[in-house]
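S.K.: structure for the following, please:
(one chain, ligands or ions: 1)
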Amino acid sequence: MVGGGAAGLMAAGQAAGQGAETLLLEKMSRPGRKLRITGKGRCNLTNVAPLPDFITHYGRNGRFLRQPFSRFFAADLIALLHDLDVPTVTERGGRVFPASGRAADVVDALVRWGERQGMTLRTGSPVEGLLLEGQQVVGVQVSSGRNLHADGVIIATGGASYPATGSTGDGYRLAASAGHTIVPIRPALVPLETSGNIARKLQGLSLRNVTVRVMVDQKKQAEAFGEMLFTHFGVSGPIILTLSRQIVDALRDGRSVSLSIDLKPALDDRMLDGRLLRDMDGQGKQQFRTLLKGLVPRKLIPVACDLAAIPPSREVHQITAQERARLRTWLKDFRLTVSRHRPFEEAVVTAGGVDTAEVDPRTMASRLVTGLFFAGEVLDVDGDTGGYNLQAAFSTGWLAGMSAAL
Ligand SMILES: Cc1cc2nc3c(=O)[nH]c(=O)nc-3n(C[C@H](O)[C@H](O)[C@H](O)COP(=O)(O)OP(=O)(O)OC[C@H]3O[C@@H](n4cnc5c(N)ncnc54)[C@H](O)[C@@H]3O)c2cc1C
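M.R.: Numbering: from 1, shown residues only. So this is what the prediction gives:
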C-alpha cells in the first residue's frame with residue numbers, strides 16, 4: 001500500500017480486515033497530513049446528496065465512481081466513523097463533518113482502526129519504484145534501495161496539489177512506469193488571478209447570493225450561484241473554485257476568459273430598473289454614493305461609481321436615464337478578466353491522472369498489470385467542494401483494499 005492519506009488509510013484497514021498481510025508505506029513522518037487540513041481543519045468528509053446528484057459533481061468521469069459508490073458510500077462511511085467513536089453532523093448543503101469539528105479525529109480514528117484490523121504503518125518510507133515481472137507487479141522499491149515483495153500493490157499517493165502535505169505526484173510516475181496513460185494533470189478547485197487592480201481594491205470582500213457566469217471568448221460556458229471572495233490577486237471562494245475546472249482548461253487552450261458577476265440574480269432587467277427608479281424617487285436629494293449603500297456592499301461603492309461612470313457626489317435626481325441604464329448593466333454584468341489560475345500549491349485538488357479507462361471500476365485493479373490497484377486522487381477523477389473528493393478517495397480506497405486482499 002503506497003500512501004497513507006484518505007484512500008490509503010481506508011484501503012489498508014479494509015485489506016487488513018479481510019485477513020491480508022498489509023503494509024502501509026507513507027513517505028511523511030505522519031499519515032494523513034492533507035486530511036488534517038481538509039475543510040479548514042474540520043474535514044468535510046462527504047455529502048448526503050443522493051447518488052444520482054452526487055455523481056454529477058465530478059464532471060465527465062463521475063460514471064467511473066458508480067461501482068465504488070455502490071459498494072461503499074456516504075452512509076457506510078458515516079456508519080464506520082460512528083463505530084470508531086467519531087460521530088458526524090450534517091451542515092448546510094448536505095456537507096458532513098465530524099461532530100468534534102476536528103479533522104485530526106478522523107485521521108487518528110482511521111489509523112487506530114487500521115492497526116486494530118492488523119495493518120502495519122511505516123512512516124518516513126517513500127516508495128521510489130515498482131517491482132515488475134512482465135505484466136505483474138511483485139513489490140516496491142523503497143528509498144533505501146531495498147525491495148519489498150508483495151502479491152499486490154495499491155497506489156494511493158494522491159495528486160500533485162498542496163505538495164507540502166506529501167502529495168507530490170509520485171503516483172503518476174509509478175503508474176507510468178507500469179505502462180499506464182496519465183491524463184495531463186492540472187490544478188483544480190483553484191483560485192484565479194484577474195487583470196487590473198479591482199480585485200486588490202476589493203480584497204477581503206465576500207459576495208453572497210451572486211451568480212457568476214464564465215465567458216470564454218465572450219460566450220457563456222458555465223455559471224454558478226453562491227458565494228465568492230476577492231483576494232489580493234483575484235478571486236476565490238466556493239463558486240469560483242467550482243467554476244475553475246472549465247476555466248483552467250480554457251486558459252490552457254489559450255482562450256480568453258472573463259467572469260460576469262450578476263450582483264442581483266433574483267431581479268431581471270425590468271424588475272431591477274423598477275427597483276432603481278423606486279430607490280431614486282425616494283432619495284432624490286441624496287448623493288449617488290448614498291443610494292448605492294442600499295444596493296451593494298460598502299467596499300463595492302467606489303468600484304460601482306467608477307465602472308458605471310457616475311460621480312459619487314452626483315445628486316440622485318440628476319442621474320440621467322442613460323446613467324441609470326449603465327448602473328443596471330453593471331449590477332447584472334460586473335466583468336473581470338481572468339489572467340491566469342493559481343499554481344498546484346494552492347489547488348485543492350488535481351485534475352487528470354491515471355486514465356480511468358485502464359482501471360477496472362469493479363475492483364480498482366489495473367487492466368494492464370496484474371496485482372496493481374489504484375485509489376484516490378491519483379486517478380483521473382476530481383470533484384466539486386462539498387465532501388465529494390474525500391468520498392471518492394474513501395470509496396475507491398475501500399474497494400481497492402477489498403479487491404487486493406482477495
Ligand atoms: C486545503 C485542502 C482542503 C481540502 N478540503 C477538503 C474537504 O473538506 N472535503 C473533501 O472532500 N476534500 C477536500 N480536499 C481534497 C482532499 O483532501 C483530497 O482529494 C484527498 O485527500 C485525496 O485523498 P488521497 O488519499 O487520494 O490523497 P492524499 O490525501 O493526498 O494522500 C496521499 C498520501 O500519499 C503519500 N505519498 C505520496 N507519494 C508517496 C510515495 N512515493 N511513497 C509513500 N507515500 C507517498 C503522501 O504523503 C500522502 O500522505 C481538500 C484538499 C486541500 C488541499
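
S.K.: quick one: the helices in this protein?
M.R.: Secondary structure of the chain (DSSP state H): helices at 6-17, 33-37, 51-55, 66-71, 74-83, 103-117, 170-177, 198-202, 238-252, 269-282, 288-293, 301-307, 321-332, 388-405.

S.K.: which bits of this protein sit near the ligand?
M.R.: 2-8, 25-28, 33-35, 37-39, 43-44, 126-127, 156-158, 161-162, 166-167, 170, 348-349, 376-377, 387-390, 393 (Cβ under 6 Å from any ligand atom). C-beta: built from backbone N, CA, C; applies to glycine.

S.K.: filter those down to the buried ones and hand me the ChimeraX line.
M.R.: Those of the residues of the chain next to the ligand that count as buried under 16 or more other Cβ atoms under 10 Å are selected in ChimeraX with:
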select :2,3,4,5,6,7,8,25,26,27,28,33,34,35,37,38,39,43,44,126,127,156,157,158,161,162,166,167,170,348,349,376,377,387,388,389,390,393
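
S.K.: can you show me the CA trace of stretch 240-254 as CSV?
M.R.: C-alpha atoms of stretch 240-254 as CSV (Å, rounded to 0.1, in the frame of the first residue of the first chain):
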residue,chain,number,x,y,z
ILE,A,240,-15.0,30.4,-8.2
LEU,A,241,-13.3,27.1,-7.1
THR,A,242,-16.2,25.1,-8.6
LEU,A,243,-16.0,27.0,-11.9
SER,A,244,-12.2,26.9,-12.1
ARG,A,245,-12.3,23.4,-13.7
GLN,A,246,-13.6,24.8,-17.0
ILE,A,247,-11.6,28.0,-16.7
VAL,A,248,-8.2,26.3,-16.2
ASP,A,249,-8.9,24.2,-19.3
ALA,A,250,-9.9,27.2,-21.4
LEU,A,251,-6.9,29.2,-20.3
ARG,A,252,-4.6,26.3,-21.2
ASP,A,253,-6.2,26.3,-24.6
GLY,A,254,-5.2,29.9,-25.0
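
S.K.: tell me the average confidence for that stretch?
M.R.: Stretch 240-254 shows a mean pLDDT of 95.

S.K.: what are the buried residues along it?
M.R.: For stretch 240-254, burial by neighbour count (16+ other Cβ under 10 Å) applies to 240-245, 247-251.

S.K.: and for stretch 171-180?
M.R.: 171-172, 174-175, 178, 180.

S.K.: from those residues, which is closest to the ligand?
M.R.: Ranked by distance to the ligand (Cβ to the nearest ligand atom), these are led by residue 171 at 6.3 Å.

S.K.: just give the closest residue to that closest one, not the sequence neighbours.
M.R.: Excluding the flanking residues, the one nearest residue 171 by Cβ to Cβ, 6 or more residues apart in numbering is residue 157, at 3.3 Å.

S.K.: was I right about the one you found contacting residue 1?
M.R.: No: using Cβ atoms under 8 Å, residue 157 is not in contact with residue 1, being 10.3 Å away.

S.K.: overlap of the contact sets of these two?
M.R.: Common contacts of residue 157 and residue 1 (Cβ atoms under 8 Å, 6 or more residues apart in numbering): residue 8.

S.K.: could the buried residues of stretch 171-180 go into TSV alongside distance to residue 108 and pLDDT?
M.R.: Shown next, in TSV, are those (distance: Cβ to Cβ, whole Å; pLDDT from 0 to 100):
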residue	distance to residue 108	pLDDT
171	24	98
172	29	98
174	28	98
175	30	98
178	33	98
180	33	98
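
S.K.: in the stretch 151-300 of the chain, where is pLDDT below threshold?
M.R.: Scanning the stretch 151-300 of the chain for pLDDT under 70 picks out nothing.

S.K.: measure residue 18 to residue 82 for me?
M.R.: In this view, residue 18 and residue 82 are 21 Å apart by Cβ to Cβ, to the nearest Å.

S.K.: out of those two, which sits in the more crowded spot?
M.R.: The residue with more neighbours, out of residue 18 and residue 82, is residue 18; 16 against 12, by other Cβ atoms under 10 Å.

S.K.: residues contacting the more buried one?
M.R.: Per Cβ under 8 Å, 6+ apart, neighbours of residue 18: 401-402, 405-406.

S.K.: skip the chain neighbours and tell me the closest residue to residue 358.
M.R.: Closest to residue 358 by Cβ to Cβ, 6+ apart is residue 367, at 5.0 Å.

S.K.: what is the burial count for the nearest residue to residue 100 once chain neighbours are set aside?
M.R.: Among residues not flanking residue 100 along the chain, residue 86 sits closest, at 7.3 Å (Cβ to Cβ, 6+ apart). Residues lying near residue 86 (other Cβ under 10 Å) number 21.

S.K.: got a list of what residue 86 touches?
M.R.: Contacts for residue 86 were tallied using Cβ under 8 Å, 6+ apart; they are 98-100, 105-106, 109.

S.K.: farthest pair within those?
M.R.: 99 and 109 (12.4 Å; Cβ to Cβ).

S.K.: so for the two, which sits in the more crowded spot?
M.R.: Taking other Cβ under 10 Å, residue 99 and residue 109 do not tie; residue 109 has more neighbours (18 against 13).

S.K.: how about that one: what's its closest non-neighbour residue?
M.R.: Counting by Cβ to Cβ, 6+ apart, residue 84 is the residue found nearest to residue 109 once chain neighbours are left out, at 4.1 Å.
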